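Engineer: Build the 3D model from these lines:
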Amino acid sequence: MTDQTAARRDMANAIRALAMDAVQQADSGHPGMPMGMADVATVLFTRFLKFDASEPHWADRDRFILSAGHGSMLLYGLLYLTGSPDITLDELKRFRQLGSKTAGHPEYGHAAGIETTTGPLGQGLGNSVGFALAERLMADRFGRDIVDHFTYVIAGDGCLMEGVGQEAITLAGHLGLGRLIVLFDDNGISIDGPTSLSTSEDHKKRFAAAGWHVQSVDGHDQEAVARAIRKARNVTDKPSLIACKTVIGYGAPTKAGTAATHGSPLGKDEIAGAREKLGWSHGPFDIPEPVFTAWRKVGAKGKSARRKWVKRHAAMAEADRAEFDRRLKGDLPAAVGEAIAAFKAKVAADKPSWATRKSSQEVLEVVNPVLPDTVGGSADLTGSNNTKTASLKPVTRGEPGGRYVFYGIREHAMAAAMNGMALHGGIIPYGGTFMVFTDYCRPSIRLSALMGLRVVYVMTHDSIGLGEDGPTHQPVEHLAALRAIPNLLVMRPADTIETAECWQVALESKTTPSVIALSRQNLPTVRGAGDANLCARGAYLLAGDASAPIRLIASGSEVQLALAARDLLAADGLVAAVVSMPSWELFARQDADYRRQVLGPEGTVRVACEAATGFGWERWLGARGAFVGMTGFGASAKASDLYKHFGITAEAIAETARRLGR
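Structural biologist: Below is the predicted model:
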């Protein structure tokens with residue numbers, strides 16, 4: 001064994017030791033994966049990964065994604081060893097403790113160097129497609145002198161078993177994302193035991209069939225791993241899989257290669273045995289100076305590349321540099337607000353009766369030309385979601401600068417990839433499907449909210465109003481389910497002007513994802529343009545004034561019913577005000593005085609109406625409130641017949657208000 005080989009072995013063993021020690025001290029965690037993939041990670045970080053630990057947000061760094069997020073100590077150990085300013089030795093000792101930056105699974109925003117939140121298996125793999133696509137799109141716009149990096153992923157068996165993993169694999173292969181390299185921890189073990197208990201597929205053949213470049217290596221042979229990565233980097237027309245055959249818990253004397261190392265501390269005796277077997281005589285959390293220095297040099301070796309990039313960035317044409325910087329900051333050009341204001345004025349004059357999915361497309365027709373950050377798409381429902389506009393070219397192998405992704409029937413991968421694009425920076429992704437299929441996107445939507453990402457979910461066919469497709473496609477519980485997710489803007493506009501305002505809110509919300517729920521059926525224009533974005537306040541008085549003793553509250557397609565119910569009550573001499581409430585989350589952010597002005601004081605009669613279940617509406621209804629809407633699944637019929645069948649009518653709203661007011 002050469003001195004260099006011994007040094008690299010010791011560098012890998014440092015990762016193993018930190019993983020064993022941190023999990024043992026926390027009495028919780030997953031030591032097996034970091035121990036098994038330590039050699040692969042050492043090769044990647046010491047020989048290939050382009051980064052500067054002192055400037056972890058450098059725009060042209062390579063991205064490293066730990067999709068197998070349960071092995072978080074692999075990432076935390078690497079960040080500490082290479083000199084991340086956020087991950088100190090004390091943070092490693094506080095692994096999995098309240099308030100630490102070293103959470104059980106990597107959480108974006110807790111520490112620099114954590115590129116995405118992983119843990120739900122397959123999500124990081126799905127994100128990586130978005131990262132790689134964003135890199136390609138930004139390189140096409142700004143050139144390889146400014147954008148020239150790879151996306152590396154460590155994924156495990158679980159990531160490949162999850163459905164989102166398969167969707168991501170086929171999408172990446174179809175798009176030919178040649179700067180995406182996945183290092184598969186092929187250890188043959190899951191929590192239940194050998195993977196042979198639950199699967200017998202050949203992952204390598206599966207990737208090859210999806211259009212990937214595929215290699216297999218001994219994951220503990222560092223030179224073989226290095227050769228494979230070097231070869232993968234030279235394949236430019238397809239993504240690469242390197243199946244790294246590893247032993248989970250490598251070095252543990254009795255538990256290596258078994259599920260016992262997967263999700264539990266090794267125990268003091270096993271750790272002592274592992275130290276002896278690995279030739280690691282140092283105490284807990286003790287990294288010998290030569291190894292520590294070698295790792296810190298790895299963290300600093302990217303300084304030269306970064307400084308050269310800074311000079312290239314400074315030498316850009318002034319307009320291009322300003323545009324690049326603006327897009328990475330996530331600021332919107334002033335032209336966006338101007339375009340939306342002009343659009344609202346025109347709509348107020350023309351008063352079209354459009355389905356809000358059509359309204360959304362019309363908004364995008366004026367936004368996309370002045371906001372090059374947007375990348376749209378749909379999960380095989382482009383003509384129904386109305387997400388493609390005239391200025392957007394499709395993303396294909398031959399069109400690296402396209403801004404519209406035909407995701408195919410891959411709702412989950414679409415959502416995960418959009419998260420990756422938003423995380424990469426420079427891109428504002430939006431994608432569409434039917435509202436009912438938010439169920440297929442939900443894990444990624446939840447992570448959008450958890451990470452605070454500007455991702456826009458365009459969800460059309462938002463109620464029983466979609467009609468004849470029937471209850472399988474009619475979302476009745478989905479508004480409630482989405483509203484339950486913290487830090488998610490769920491917006492359901494009533495007409496074209498509200499749709500424009502909701503889009504403006506979504507685009508201006510840098511740290512919050514949005515779901516815009518849109519109708520299939522045509523809706524009348526119910527309000528004027530005005531100067532302010534009323535939807536930004538979540539709810540507002542659309543008709544009537546604050547002194548009215550009755551409030552009729554609705555969102556989306558039911559606002560027109562509330563307006564008609566107001567007229568019916570007026571014929572009886574009863575005074576009501578109509579509240580349009582496109583967003584609960586935004587309304588909840590308003591001060592108490594504004595909410596009282598909109599909803600009326602305690603004791604006001606309040607009737608809410610939505611073509612959905614009423615779960616959660618009690619939050620706004622008060623003691624003299626009632627809900628008119630769905631209590632079960634829908635049915636197959638024309639939309640107008642369904643509204644009558646289920647009693648969602650102006651007459652029902654008015655009668656409920658009369659009853660409550662008696």
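
Engineer: pLDDT score assigned to Ile2?
Structural biologist: Wrong residue type there; residue 2 is Thr, not Ile. What the model reports as pLDDT for Thr2 is 63.

Engineer: thought Arg239 was touching Val214?
Structural biologist: Arg isn't right for residue 239; it's Pro. No: contact criterion CB atoms under 8 Å: Pro239 and Val214 do not qualify, at 9.9 Å. From N, CA and C alone the C-beta is placed, and that goes for glycine too.

Engineer: These two - which one has more neighbours?
Structural biologist: Set side by side, Pro239 and Val214 give different neighbour counts by other CB atoms under 10 Å, the larger being at Pro239 (30 against 21).

Engineer: wait, what's in contact with the more buried one?
Structural biologist: The contact partners of Pro239, by CB atoms under 8 Å, 6 or more residues apart in numbering, come to 132, 172-173, 176-178, 180-182, 211-213.

Engineer: just the strands in the stretch 1-150 of the chain please.
Structural biologist: 63-66 (DSSP state E, counting those that start in this stretch).

Engineer: For the closest residue to Phe587 other than its chain neighbours, give me its contacts.
Structural biologist: Counting by CB to CB, 6 or more residues apart in numbering, the nearest residue to Phe587 once its immediate chain neighbours are dropped is Gly538, at 2.8 Å. For Gly538, the contacting residues are 581-590, by CB under 8 Å, 6+ apart.

Engineer: Now with 6 Å, please.
Structural biologist: 583, 586-587 (CB atoms under 6 Å, 6 or more residues apart in numbering).

Engineer: looking at this, Leu541 is in a helix?
Structural biologist: No: Leu541: not assigned to a helix; according to DSSP: H, G, I helix; E, B strand; the rest coil it is strand.

Engineer: Off-centre distance for the least confident helix or strand in the chain by mean pLDDT?
Structural biologist: For the chain, scoring each helix and strand by mean pLDDT, DSSP states H and E identifies helix 3-26 as the least confident one, at a mean of 92. Between the centre of helix 3-26 and the centre of its host chain there is 33 Å, according to CA atoms, centre = their mean, to the nearest Å.

Engineer: Kindly reformat the contacts of Gly538 as CSV and extend each row with distance to Ala413, neighbour count and pLDDT.
Structural biologist: Written out in CSV, the entries for the contacts of Gly538 read as follows (distance: CB to CB, whole Å; neighbours: other CB atoms under 10 Å; pLDDT from 0 to 100):
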residue, distance to Ala413, neighbour count, pLDDT
Ser583, 27, 25, 98
Leu586, 29, 21, 98
Phe587, 33, 20, 98
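
Engineer: How far off centre is stretch 543-555?
Structural biologist: Taking CA atoms, centre = their mean, the mean C-alpha location of stretch 543-555 is offset from the chain mean by 37 Å.

Engineer: Only the buried residues of it, if you could.
Structural biologist: By neighbour count with 16 or more other CB atoms under 10 Å, stretch 543-555 contains the buried residues 543-544, 548-555.

Engineer: Greatest separation within those: which pair is it?
Structural biologist: Pairwise distances across the buried residues of stretch 543-555 peak at 21.9 Å for Pro549 and Ser555 (criterion: CB to CB).

Engineer: returning to that earlier point: would you mind giving the contacts of Pro239 as JSON lines with distance to Tyr152 and neighbour count added?
Structural biologist: As requested, the contacts of Pro239 are exported to JSON lines (distance: CB to CB, whole Å; neighbours: other CB atoms under 10 Å):
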{"residue": "Ala132", "distance to Tyr152": "10", "neighbour count": "27"}
{"residue": "Ala172", "distance to Tyr152": "13", "neighbour count": "30"}
{"residue": "Gly173", "distance to Tyr152": "17", "neighbour count": "21"}
{"residue": "Gly176", "distance to Tyr152": "18", "neighbour count": "18"}
{"residue": "Leu177", "distance to Tyr152": "12", "neighbour count": "26"}
{"residue": "Gly178", "distance to Tyr152": "13", "neighbour count": "21"}
{"residue": "Leu180", "distance to Tyr152": "8", "neighbour count": "30"}
{"residue": "Ile181", "distance to Tyr152": "5", "neighbour count": "25"}
{"residue": "Val182", "distance to Tyr152": "8", "neighbour count": "29"}
{"residue": "Gly211", "distance to Tyr152": "19", "neighbour count": "18"}
{"residue": "Trp212", "distance to Tyr152": "14", "neighbour count": "24"}
{"residue": "His213", "distance to Tyr152": "14", "neighbour count": "20"}
